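Enquirer: Sharing a sequence plus its predicted fold:
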Amino acid sequence: MKRIIATMKNNIAFIYLISSIMSLEFLLKLFVGIKIFNIGLIYSFLFSVAIASIIYILFIILPKKLSKWFLIITMVLISLLFVSQLVYFSIFKTFYIAYSAGNAGKVFEFVGEAFYEIMKNLHFILILFIPLFYLIIRRNPILDKSKIDKSIIIKFALTSIILHMLAIFLINQGNKDTNSPYNLYYNIHQPEFSVENLGMLTYFRLDAKRQILSWEPKIDHEYIVSMNLVERNQMEENKNIQYNQIDIDFDSLIANETDPELVGMHEYFSSITPSEKNDFTGMFKDHNLIFITAEGFSHLAVKEDLTPTLYKMVHNGLYFENFYTSIWGVSTSDGEYVATNGLMPKAGVWSFSLSKDNFLPFSMGNQLKALGYITKAYHNHTYDYYDRDITHPNMGYDYKGIGNGLIMQDIWPRSDLEMMEITIPEFINEDKFHAYYMTVSGHLRYSFNGNAISRKNKDLVEDLDYSENAKAYLATQIELDRALEYLLEELKKSNKLQNTFIVLSTDHYPYGLDKDDLDQLNGSKIEESIELYKNNLIIYKEGMEHLVVSKPASSLDILPTISNLMGVEFDSRLLMGIDIFSNKSPFVIFSNRSFITDQGVYDSKNEEFILSGDATLSVDEIRDYIKRTSTIIDGKFYYSQKILEKDYYKKVLGD
């Protein structure tokens with residue numbers, strides 16, 4: 001016992017490191033509300049001891065003065081990682097990626113929101129800094145190397161290797177389900193589940209490693225293609241059926257391609273069943289299009305008395321009662337990328353930004369510009385935020401934001417109504433026009449002190465029986481409602497109302513509200529795995545016949561649906577979403593690999609499957625169905641990523 005105590009005293013820095021890292025891992029999970037007592041606790045411990053061993057070895061090897069600063073700086077960096085992830089999660093409800101950390105300057109404009117969350121979570125932040133404070137206060141015994149036997153380096157090196165290998169061995173022996181530690185370690189990028197099952201340091205290490213080494217997830221290509229071919233071979237032989245596809249000679253492309261990844265892509269996309277043209281094909285042919293991605297919009301804000309224009313457009317147009325908007329890793333940018341390109345974002349990067357030089361023939365800007373439309377895009381925030389000054393022109397738009405031609409009142413956030421008033425004259429008198437808007441009035445933070453739009457419309461909500469934050473949020477949506485009211489009025493004045501349709505969706509649900517606020521607006525508790533992401537998709541034309549669409553759909557489906565409604569030429573096989581009005585079965589995919597199909601709803605977080613009313617699968621069949629569907633989803637994530645990386649549309653369609 002004395003020997004053990006003496007060993008601990010001589011290696012107090014190691015005891016400090018392992019206890020500090022494990023405490024930070026435990027506390028972060030506790031503070032953000034993710035599972036603690038599961039298999040992830042074991043993996044976090046094993047990886048943490050391995051990391052602590054490596055840090056301790058370096059501490060021993062380095063010269064005395066340098067080693068002290070090394071340990072202090074290391075703990076400063078580790079503490080800042082955990083604190084910054086806590087603050088980021090508090091704002092965006094996910095953990096940031098290494099790529100975003102490298103582009104931190106881009107998000108500095110939202111330092112006000114970050115400061116608010118820091119103050120809101122100050123007690124948690126101070127607790128996370130306790131290990132660092134302890135090191136500073138007790139630095140003499142911790143940093144004292146005089147009694148350390150340097151021969152112990154070998155033991156700690158072996159400890160690090162053995163524990164790391166043990167963790168890897170256990171991961172490989174465990175199950176390989178969708179969000180299992182195995183899949184998270186090797187195949188998929190899912191920040192929340194990775195932190196839960198592997199720990200923050202391991203998640204961030206893997207993410208940084210994948211950035212540096214151009215990581216490739218593993219998929220079962222042959223199985224996915226074979227499943228697609230089974231569906232395609234079941235198509236009825238009818239030469240009179242027309243499909244939304246372009247004549248692409250995939251056989252020739254495969255025969256003449258030397259890049260195995262491109263060969264695999266050709267095989268994959270050629271195996272997909274295209275969607276049939278239908279009764280809605282060309283419904284809005286030759287119409288003008290206003291396409292809006294509304295920041296933080298939610299169906300919870302659609303109220304007849306407060307937002308009458310939104311209410312009219314939702315309930316008098318095409319009403320999608322089972323529409324969902326997933327939250328992706330880069331929140332607004334990824335949400336906008338999904339809606340405007342019909343593709344899943346690549347994990348761990350800013351997909352929209354990386355698409356800036358790619359050929360994007362299916363974006364509505366490029367499709368309608370080729371048909372002679374005037375195509376404009378606007379954003380009432382900094383013009384080059386998320387590189388929109390490059391991405392949006394690449395989608396075919398003449399683009400303006402704050403700083404490159406759009407001059408607006410300097411408030412935060414800026415007014416959607418004012419943006420409409422300034423920009424509508426630029427296209428309203430054209431024969432054929434398409435305008436795309438990325439709004440900002442609905443941006444967090446939702447308070448009457450820190451949000452100019454909430455303050456502007458405070459009188460309209462202050463008597464409501466909601467929390468202050470919920471009322472402030474509704475005030476921002478009133479501004480969006482007024483912008484739409486003004487848009488409809490101007491279309492009517494210009495005799496364009498009957499030949500213009502409007503599409504509006506959101507980038508993400510209003511995660512700037514606490515769960516209690518969302519429940520208040522909903523009138524009941526919202527289930528957090530699936531229902532939280534439910535929203536409205538607005539497709540509206542004045543005087544159109546109202547139609548309720550029950551088919552489940554998501555933001556991925558917006559682009560192919562608009563393309564079909566306008567009767568433009570596109571290839572449904574090359575998009576990850578589907579035309580909602582097609583005869584293809586619904587396929588709603590969430591970023592965490594949950595899904596909704598005609599057979600039911602799979603909640604990957606809780607590993608639960610709820611059968612749809614007409615489905616009759618047995619327990620074994622459900623298990624097989626989840627595995628089969630998850631494999632197909634892996635393929636969609638993978639090949640969507642490859643479209644971005646390979647500039648695939650240019651390879652098969654040219655420019």
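Expert: Alright, I've got the coordinates. Keep in mind that this is a model prediction, so the values were computed, not measured.

Enquirer: Below-threshold pLDDT in the stretch 51-200 of the chain: ranges please.
Expert: Counting by pLDDT under 70, the stretch 51-200 of the chain contains low-confidence residues at 102-110.

Enquirer: can you pull out the helices in it?
Expert: Listed in chain order, the helices of the stretch 51-200 of the chain (DSSP state H, counting those that start in this stretch) span residues 64-92, 98-102, 111-120, 122-128, 130-137, 139-143, 152-173, 181-186, 191-198, 200-213.

Enquirer: Using CSV, write out every CA atom in the fourth one.
Expert: This means helix 122-128. This file holds the C-alpha atoms of helix 122-128, laid out as CSV (Å, rounded to 0.1, in the frame of the first residue of the first chain):
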residue,chain,number,x,y,z
LEU,A,122,-21.4,31.0,-16.7
HIS,A,123,-21.9,28.7,-13.7
PHE,A,124,-21.3,25.6,-16.0
ILE,A,125,-18.3,27.3,-17.6
LEU,A,126,-16.7,28.1,-14.3
ILE,A,127,-17.1,24.5,-13.2
LEU,A,128,-15.4,23.3,-16.4
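
Enquirer: how close does the closest residue to Phe269 other than its chain neighbours sit to Ala101?
Expert: The shortest distance from Phe269 to any non-neighbouring residue, by C-beta to C-beta, 6 or more residues apart in numbering, is to Arg573 (5.2 Å). C-beta here means a position set from N, CA and C on the backbone, and glycine is covered the same way. Arg573 sits 36 Å away from Ala101 when distances are taken as C-beta to C-beta, to the nearest Å.

Enquirer: ditto for Asp334
Expert: Between Asp334 and Ala101 the computed distance is 16 Å (C-beta to C-beta).

Enquirer: Check Asp410 too.
Expert: Between Asp410 and Ala101 the distance is 29 Å, computed by C-beta to C-beta.

Enquirer: Who has more neighbours out of the two?
Expert: A count of neighbours by other C-beta atoms under 10 Å puts Ala101 above the other of Asp410 and Ala101, at 16 against 8.

Enquirer: what sits against the more buried one?
Expert: The neighbourhood of Ala101, defined by C-beta atoms under 8 Å, 6 or more residues apart in numbering, contains no residues.

Enquirer: likewise Glu321?
Expert: When contacts are taken as C-beta under 8 Å, 6+ apart, Glu321 is in contact with 548-550.

Enquirer: Apply 10 Å and report the result again.
Expert: Taking C-beta atoms under 10 Å, 6 or more residues apart in numbering as the contact definition, Glu321 lies against 299, 534, 536, 548-553.

Enquirer: Most neighbours among the residues you listed, please name it.
Expert: Comparing these by number of neighbours (other C-beta under 10 Å), Ala553 comes first, having 25 neighbours.

Enquirer: and stretch 318-338, how far apart are its ends?
Expert: Across its full length, stretch 318-338 reaches 21 Å between end residues, using C-alpha to C-alpha, to the nearest Å.

Enquirer: Report the distance from it to the chain centre.
Expert: Relative to the centre of its chain, stretch 318-338 is centred 8 Å away, using C-alpha atoms, centre = their mean, to the nearest Å.

Enquirer: Any buried residues in it, and which?
Expert: Under the neighbour-count criterion of 16 or more other C-beta atoms under 10 Å, stretch 318-338 has 318-320, 323-338 buried.

Enquirer: now do stretch 221-230
Expert: Per 16+ other C-beta under 10 Å, stretch 221-230 contains these buried residues: 224-225, 227-228.

Enquirer: Grab the CA positions of stretch 214-225 and hand them over as PDB.
Expert: Taking C-alpha atoms only, stretch 214-225 is exported to PDB below (Å, rounded to 0.1, in the frame of the first residue of the first chain):
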ATOM      1  CA  SER A 214      -9.500  13.100 -46.500                       C
ATOM      2  CA  TRP A 215     -11.400  10.400 -44.700                       C
ATOM      3  CA  GLU A 216     -13.700   8.100 -46.700                       C
ATOM      4  CA  PRO A 217     -16.700   6.400 -45.000                       C
ATOM      5  CA  LYS A 218     -17.200   2.700 -45.800                       C
ATOM      6  CA  ILE A 219     -20.400   1.600 -47.600                       C
ATOM      7  CA  ASP A 220     -21.700  -1.600 -49.100                       C
ATOM      8  CA  HIS A 221     -21.700  -0.400 -52.700                       C
ATOM      9  CA  GLU A 222     -22.700  -3.800 -54.300                       C
ATOM     10  CA  TYR A 223     -25.600  -4.300 -51.900                       C
ATOM     11  CA  ILE A 224     -26.900  -0.800 -52.400                       C
ATOM     12  CA  VAL A 225     -26.800  -1.000 -56.200                       C
END
